[in-house]
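K.L.:
Okay, here's the prediction I keep looking at, along with the sequence it came from:
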Amino acid sequence: MKLTLTNIRFFLRCSLSCVLIISILLLTSSFFRECLANKVLSDTFISIVKNTKAPVVNIHTTKILKNNTQNRGFRIKGQGSGVVYNKKGFIVTNKHVVKDADEIIIRLYDGSEYKAEVVGTDERSGIAVLRIDAEDLTPASFGNSDSLELGEIVLAIGNPLGLGQTVTSGIISAKGTSNLQITGFEDFVQTDATINPDSYGGPLVNMNGEVVGISTIPPKQTAGYFGISLAVPINVVKKATEDLMKYGKITRGWLGVTAQPVTRELQKALGLKNNLGALVSDIEPGSSAANAGIKSGDVIIKYNGKKIKDLLHLRSLVKGTEINKEVEMTVLRDGKELTLNTAILEVTKSEIRSKNDLFQNLGLVVQNLTRKLSITLGYEDEKGVIITNVQQGSPASKSGLLKGDLIVEIQHKSVTSSDELYQAILKIQNEEDILMFIKRPDKASKFIVLKQKKDV
């Protein structure tokens, strides 16, 4: 039976109609699926925000200017956020939120207010622990920051004015963010969720409603760029908080090795596949490393299952390890991987170097700037510490420091004597490289980064 032209046209019209109907159904189905997905996500956000209402607090600070004759009694007020850590009145926040505050007032979600005292602070992570005289508080639910994945959705929550929450959303855009020279800490969580300054100290929350980080101030070089917000991983926060509550101080893990980054040149010379890890050059007798059997020339590539990106990453992991905890390390030795185990010991005061040892280690000889020297070297009306010698091949020499340079600042803080210089460097010993501001006899001035010989 032959198809007529009319039948063919009818068949084509039917086919086109079917295609059109199917397309409309598919588009409609896709639209409804998208609407449903958006509704589910929106409901999840709402639920999380409601559940974190009680644990997120407002922090109101007052600083009194006491040494200014003209402004005697002048008060500087500040705002920030914090997170209830437990039912007994302990609250965590950023150190900078309460820095130099003469009075700290905590405002809870129900409007009640309490005076707070500072239990302690952690210089390295920038965390502060506060306590108020209140019982049966609603603590936050804490997650595991080690399990965070890139691209994971998070909410940044704050209570900047004590009148209600502020919420922004974003994703985890990076883990282990380092080299920011904020606190010496080298393991930040990075998110693209915008965080307002008054929300610093507030929580970064995952989709399970768990706090996975505490929002912190970004570095100056990223100010105004809304793609970078930082948080201290909650695992680091919990350890610092527990230490401060139990001991009133922070305990730091110590491996007992002097190590260096694996440069491209060292990678080639050692025949390594990549430049990841930390190359061990020396081992302290009786240390965790010595007990594990680590040898000079070993490259530490894993620490408790985590691949070591560089020396700073290893230092951060070791210092954050619970004291006496058994850890497993993987090292490369003669081209073979070895698994070693040891218990991490605590950093002791005996490791602090004397003034002469510290300056010698940096390759510096310094002297207070006397009036005679200031006139001779052209530093009249200046204050600082003069460099009288630089050892060739030392860290000081490699950084570009010269005999006759005047050290004016360390980490943006003025130094006027060798004792002040020693104390300033001592505070960041084994924590971060030294940022110096110097002046020269020719009136030139510049910033110089002096890399320390770092122990882990």
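P.N.:
On my side now, so go ahead.
K.L.:
Quick one: the strands in the stretch 351-456 of the chain, in order.
P.N.:
Remark: strands assigned in the stretch 351-456 of the chain by DSSP state E, counting those that start in this stretch are 364-368, 385-390, 406-410, 413-414, 434-439, 445-450.
K.L.:
I'd like those as TSV, with mean pLDDT appended.
P.N.:
TSV is the format used below for those (pLDDT from 0 to 100):
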stretch	mean pLDDT
strand 364-368	86
strand 385-390	88
strand 406-410	92
strand 413-414	88
strand 434-439	90
strand 445-450	88
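K.L.:
For residue 322, find the nearest of those.
P.N.:
strand 434-439 (29.1 Å; C-beta to C-beta). Heads up, the C-betas are built off the backbone N, CA and C, glycines and all.
K.L.:
Just want the angle from that closest one to strand 406-410.
P.N.:
Interaxial angle, strand 434-439 versus strand 406-410 (axes from the mean of the first three to the mean of the last three C-alpha atoms, to 10 degrees): 140 degrees.
K.L.:
For residue 52, give its distance to residue 79.
P.N.:
Look at residue 52 and residue 79: by C-beta to C-beta, to the nearest Å, they are 18 Å apart.
K.L.:
what about these two, which has more around it?
P.N.:
Taking other C-beta atoms under 10 Å, residue 52 and residue 79 do not tie; residue 52 has more neighbours (26 against 20).
K.L.:
dump the residue contacts of that one.
P.N.:
140, 157, 165, 203, 205, 209 (C-beta atoms under 8 Å, 6 or more residues apart in numbering).
K.L.:
And for residue 249?
P.N.:
Listed by C-beta under 8 Å, 6+ apart, the contact set of residue 249 reads 120, 243.
K.L.:
what's the answer for residue 56, then?
P.N.:
Residue 56 makes contact with 81, 82, 83, 84, 109, 140, 157, 158, 159, 165, 202, 203, according to C-beta under 8 Å, 6+ apart.
K.L.:
in the stretch 1-150 of the chain, which spans are strands?
P.N.:
56-65, 74-84, 90-94, 103-107, 113-122, 127-132.
K.L.:
just checking, what packs against the fifth one?
P.N.:
Under the contact criterion of 3 or more C-beta pairs under 8 Å, 6 or more residues apart in numbering; DSSP states H and E, the helices and strands touching strand 113-122 comprise helix 95-98, strand 103-107, strand 127-132, helix 234-247.
K.L.:
Kindly reformat those as TSV containing mean pLDDT and distance to residue 153.
P.N.:
As requested, the helices and strands packed on strand 113-122 are exported to TSV (pLDDT from 0 to 100; distance: least, C-beta to C-beta, whole Å):
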stretch	mean pLDDT	distance to residue 153
helix 95-98	91	26
strand 103-107	93	29
strand 127-132	95	24
helix 234-247	90	16
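K.L.:
Ok, which of these comes nearest residue 120?
P.N.:
Nearest of these (C-beta to C-beta): helix 234-247, 3.8 Å.
K.L.:
Can I get that closest one as CSV, trimmed to CA atoms?
P.N.:
Output in CSV follows, covering the C-alpha atoms of helix 234-247 (Å, rounded to 0.1, in the frame of the first residue of the first chain):
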residue,chain,number,x,y,z
ILE,A,234,37.8,23.7,63.6
ASN,A,235,40.2,20.8,64.5
VAL,A,236,42.9,23.4,65.2
VAL,A,237,40.4,25.5,67.2
LYS,A,238,39.3,22.6,69.3
LYS,A,239,42.8,21.6,70.3
ALA,A,240,43.7,25.2,71.2
THR,A,241,40.5,25.6,73.2
GLU,A,242,40.9,22.4,75.1
ASP,A,243,44.6,23.3,75.9
LEU,A,244,43.6,26.7,77.2
MET,A,245,40.7,25.3,79.3
LYS,A,246,42.8,22.5,80.8
TYR,A,247,46.3,23.9,81.1
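K.L.:
I'd like to check the angle between that helix and strand 74-84, please.
P.N.:
110 degrees.
K.L.:
So what's the residue count around the nearest residue to residue 166 once chain neighbours are set aside?
P.N.:
Distances taken as C-beta to C-beta, 6 or more residues apart in numbering place residue 158 nearest to residue 166, at 4.8 Å, with adjacent residues excluded. Counted with other C-beta under 10 Å, the neighbours of residue 158 add up to 26.
K.L.:
what does residue 39 give?
P.N.:
Other residues near residue 39 come to 10 when the count uses other C-beta under 10 Å.
K.L.:
if I look at it, how far off is residue 46?
P.N.:
Residue 39 is 10 Å from residue 46, by C-beta to C-beta.
K.L.:
returning to that earlier point: dump the contacts of residue 56 into CSV; add pLDDT and distance to residue 95 as well.
P.N.:
Formatted as CSV, those follow (pLDDT from 0 to 100; distance: C-beta to C-beta, whole Å):
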residue, pLDDT, distance to residue 95
81, 94, 13
82, 94, 12
83, 96, 14
84, 96, 18
109, 87, 23
140, 93, 19
157, 92, 19
158, 89, 16
159, 86, 18
165, 81, 23
202, 93, 14
203, 94, 16
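K.L.:
Pull out the buried members of these.
P.N.:
Among the contacts of residue 56, the ones that count as buried by 16 or more other C-beta atoms under 10 Å are 81, 82, 83, 84, 109, 140, 157, 158, 159, 165, 202, 203.
K.L.:
As CSV, those residues with distance to residue 64 would be great.
P.N.:
Output for these, formatted as CSV (distance: C-beta to C-beta, whole Å):
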residue, distance to residue 64
81, 23
82, 22
83, 27
84, 27
109, 28
140, 32
157, 30
158, 26
159, 24
165, 30
202, 26
203, 30
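K.L.:
thinking again about what came up before, could you dump the strands of the stretch 351-456 of the chain to a markdown table with distance to residue 188 and mean neighbour count?
P.N.:
Formatted as a markdown table, the strands of the stretch 351-456 of the chain follow (distance: least, C-beta to C-beta, whole Å; neighbours: other C-beta atoms under 10 Å):
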| stretch | distance to residue 188 | mean neighbour count |
| --- | --- | --- |
| strand 364-368 | 31 | 18 |
| strand 385-390 | 32 | 19 |
| strand 406-410 | 23 | 21 |
| strand 413-414 | 23 | 12 |
| strand 434-439 | 18 | 20 |
| strand 445-450 | 20 | 14 |
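K.L.:
Let me have the ones you listed in TSV, extended by distance to residue 398.
P.N.:
Listed next are these as TSV, based on distance: least, C-beta to C-beta, whole Å:
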stretch	distance to residue 398
strand 364-368	12
strand 385-390	10
strand 406-410	16
strand 413-414	23
strand 434-439	13
strand 445-450	9
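K.L.:
Residue 90 is nearest to which of the ones you listed?
P.N.:
Evaluated over the strands of the stretch 351-456 of the chain, closeness to residue 90 peaks at strand 413-414, with 30.5 Å, by C-beta to C-beta.
K.L.:
which stretches of the chain form helices?
P.N.:
In the chain, the segments counted as helices under DSSP state H are 5-51, 95-98, 234-247, 264-270, 288-292, 311-319, 355-362, 371-377, 395-399, 418-427.
K.L.:
Counting by contacts, list what the third one packs against.
P.N.:
The criterion is 3+ C-beta pairs under 8 Å, 6+ apart, and the helices and strands that helix 234-247 contacts are strand 90-94, strand 113-122, strand 127-132, strand 211-216.
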